[in-house]
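Enquirer: Just need the structure, nothing else, for what follows:
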Amino acid sequence: MPVKIPDNLPAAEILESENIFVMSETRAANQDIRPMKVLILNLMPNKIETETQLLRLLGNTPLQVDIDLLRIHDKESKHTPVDHMNNFYRDFEDVRQKNYDGLIITGAPLGQIDFEEVFYWEHIREIIDWSQQHVTSVLFLCWAAHAALYHLYGLHRKILQRKRSGVYCHQRTSKHFPLLRGFDEEFFAPHSRFAEMNLEELKAHPELQVLTESDEAGAYMVLSRNNRNLFVMGHPEYQKSTLKDEYLRDLAAGLNPDLPLNYFRNDDPESTPVARWHGHGSLLISNWLNYYVYQLTPYDLGDMSAITPWEYETKDD
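Expert: As a prediction, the model looks like this:
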């Protein structure tokens, strides 16, 4: 089934050219079906690129998904046209009284700044708190995962001396979770961040479960025990060239970045990158939408009290 997006969103043409199933609002209006309603809070500077990455994954699921795009503030974007923001993005006041099946909060290029020093930190806290009552399941990506773990559970991240950038091998800590159905014992995922969470603190927290981790990159997927918050420390949505684009940008800015690990063929930045995470990214989003959104959400979104947290039996592998 397709992801439903506004008729003229730029991502539509890109996704259709890639054979990703998308549906215009006009066509979707003629279908008698209860679609999943997903809100995306886009914190990345290049809004259109991030929209396309996420919609590419959401469009590869068997569910019809209605998308609303949310911005954190109304300041003019340096990387996205004003008309695009005004035409396709909503302010929080526009959605405050609504309920959603799912919410995705993206990463942000704020890895070396204390949370309280981020100028929209109070807005982020407000939206996270709102989501716990108005959204069936929330997916936090990279910086947003760190921010939510800090706000909801008081867990602190560690700032790294060098940016962690590359494609890392991960392992499942358990296979008995619906989110991990179909996962290989080892899989790859990209990371691009200046901070990390303490793995042992995450494992010891009574309200959290570490599902996958990396020997090099630490915790990757962490799930709240009520199954309503999923924290993903990397970027399963990244396209093939994203790490290269970031590396070249930092190089041009004189930041002397490290070469992304396990990414360029033969570690040669002049060669073509190798994308080894697209299958994992699609499966992650598909499993999240199916098992933690669709299977839990009430038919009537006005009744969030109908959501019953799942209890999964865990076993030793």
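
Enquirer: so where's the stretch 1-150 of the chain shaky on pLDDT?
Expert: For the stretch 1-150 of the chain, residues meeting the criterion pLDDT under 70 lie at 1-5, 7, 15-16, 18-33.

Enquirer: quick one, helices of it?
Expert: All helices of the stretch 1-150 of the chain, identified by DSSP state H, counting those that start in this stretch, fall at 10-17, 25-28, 47-58, 82-88, 92-95, 121-134, 143-153.

Enquirer: Tell me who's in contact with residue 116.
Expert: Counting by Cβ atoms under 8 Å, 6 or more residues apart in numbering, residue 116 touches no other residue. Every C-beta, even on glycine, is put in place using the N, C-alpha and C of the backbone.

Enquirer: Also residue 89?
Expert: 42, 47, 69, 70, 71.

Enquirer: any idea how far residue 36 is from it?
Expert: Distance of residue 89 to residue 36, computed by Cβ to Cβ, to the nearest Å: 20 Å.

Enquirer: Can you report how many residues lie near residue 157?
Expert: Applying other Cβ atoms under 10 Å, we find 20 residues neighbouring residue 157.

Enquirer: Backbone dihedrals for it, both of them.
Expert: Backbone torsions of residue 157, given as degrees, to the nearest 10, read phi -90, psi 160.

Enquirer: again, but for residue 254
Expert: Phi and psi for residue 254, reported as degrees, to the nearest 10, are phi 80, psi 30.

Enquirer: Start the count at 34 instead of 1 going forward.
Expert: Yes, from this point I'll number from 34; that puts the last item at residue 287.

Enquirer: who's in contact with it?
Expert: Residue 287 touches nothing, counting by Cβ under 8 Å, 6+ apart.

Enquirer: buried residues in the strand or helix carrying residue 233?
Expert: According to DSSP states H and E, residue 233 maps onto helix 232-237. Residues 232, 235 are the ones in helix 232-237 that count as buried (16 or more other Cβ atoms under 10 Å).

Enquirer: Stretch 164-178 too?
Expert: Across stretch 164-178, burial judged by 16+ other Cβ under 10 Å covers 164, 167-178.

Enquirer: With stretch 267-286 instead?
Expert: Buried residues in stretch 267-286, counted by 16+ other Cβ under 10 Å: 267, 268, 269, 270, 271, 272, 275, 276, 279, 280.

Enquirer: okay, among the residues you listed, which ones form the most distant pair?
Expert: 269 and 280 (18.8 Å; Cβ to Cβ).

Enquirer: Surely residue 314 forms part of a helix?
Expert: Yes - Residue 314 forms part of a helix when assessed by DSSP: H, G, I helix; E, B strand; the rest coil.

Enquirer: which residues does it contact?
Expert: Shown in contact with residue 314 (Cβ under 8 Å, 6+ apart): 90, 222, 269, 270, 271.

Enquirer: Filter those residues down to the ones in strands?
Expert: Using DSSP state E, the subset of those located in strands is residue 222.

Enquirer: Now that we have the contacts of residue 314, can you turn them into CSV and tack on distance to residue 213?
Expert: Formatted as CSV, those follow (distance: Cβ to Cβ, whole Å):
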residue, distance to residue 213
90, 17
222, 13
269, 13
270, 18
271, 20
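
Enquirer: quick one, strands of this structure?
Expert: 36-38, 55-57, 69-74, 98-103, 122-123, 133-138, 168-174, 190-205, 219-230, 241-247, 251-257, 262-265.

Enquirer: Which strands or helices does the longest one pack on?
Expert: So the one you mean is strand 190-205. On a contact count with 3 or more Cβ pairs under 8 Å, 6 or more residues apart in numbering; DSSP states H and E, strand 190-205 meets helix 176-186, strand 219-230, strand 241-247, helix 275-285.

Enquirer: chain center to the helix holding residue 233, what's the gap?
Expert: 21 Å (Cα atoms, centre = their mean, to the nearest Å).

Enquirer: for stretch 194-207, same thing?
Expert: From the chain centre to the centre of stretch 194-207 is a distance of 16 Å (Cα atoms, centre = their mean).

Enquirer: mind checking how far residue 130 is from residue 74?
Expert: 17 Å.

Enquirer: Then residue 185?
Expert: To residue 74, residue 185 is 16 Å away according to Cβ to Cβ.

Enquirer: again with residue 282
Expert: Residue 282 sits 23 Å away from residue 74, going by Cβ to Cβ.
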